[in-house]
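Colleague: predicted model, plus sequence, below.
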Amino acid sequence: MEDLEKRFPAIASWIEHGWIEIGDQEWTRSKAMAHDCGGMIFEVSNRQKTLTEYLEALEQGLREHMKERWDEEFE
């Protein structure tokens, strides 16, 4: 099995900056979101069907956010 930190490095790094929620929420139609102390910074649309697809979308969104905010890039 592939190491999750290698497959999703931005998500692994994000735990130092904020948190991630995955699951049904009453107040939004999104099923996966990334937050920091300022609020939600990224949410995944409902087009994804599997947990892997949600994680891949979160990874991409966090990579873009972290590049823009801190000029941080991942391989």
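Modeller: That came through, no problem.

Colleague: for this structure, just list every one of the strands.
Modeller: 19-22, 32-36, 39-44 (DSSP state E).

Colleague: tell me the most buried of these?
Modeller: Comparing those by mean neighbour count (mean count of other C-beta atoms under 10 Å), strand 32-36 comes out on top with a mean of 19. Yep, even glycine has a C-beta here, placed from its N, CA and C like the rest.

Colleague: any stretches of the protein with poor pLDDT?
Modeller: Residue ranges of the chain with pLDDT under 70: 1-2.

Colleague: biggest helix in the protein by residues?
Modeller: In the chain, with assignment by DSSP state H, the single longest helix is helix 51-70.

Colleague: restrict it to CA atoms and write it as CSV.
Modeller: The C-alpha trace of helix 51-70 is given here as CSV (Å, rounded to 0.1, in the frame of the first residue of the first chain):
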residue,chain,number,x,y,z
LEU,A,51,-13.1,8.8,-0.9
THR,A,52,-10.1,8.7,-3.2
GLU,A,53,-11.7,11.3,-5.5
TYR,A,54,-12.4,13.6,-2.6
LEU,A,55,-8.9,13.3,-1.3
GLU,A,56,-7.4,13.9,-4.8
ALA,A,57,-9.6,17.1,-5.1
LEU,A,58,-8.6,18.3,-1.7
GLU,A,59,-4.9,17.7,-2.5
GLN,A,60,-5.2,19.8,-5.7
GLY,A,61,-7.1,22.6,-4.0
LEU,A,62,-4.6,22.7,-1.1
ARG,A,63,-1.7,22.7,-3.4
GLU,A,64,-3.1,25.7,-5.2
HIS,A,65,-3.9,27.5,-2.0
MET,A,66,-0.5,26.9,-0.4
LYS,A,67,1.3,27.9,-3.6
GLU,A,68,-0.6,31.2,-3.7
ARG,A,69,-0.5,31.9,0.0
TRP,A,70,3.1,30.7,0.9
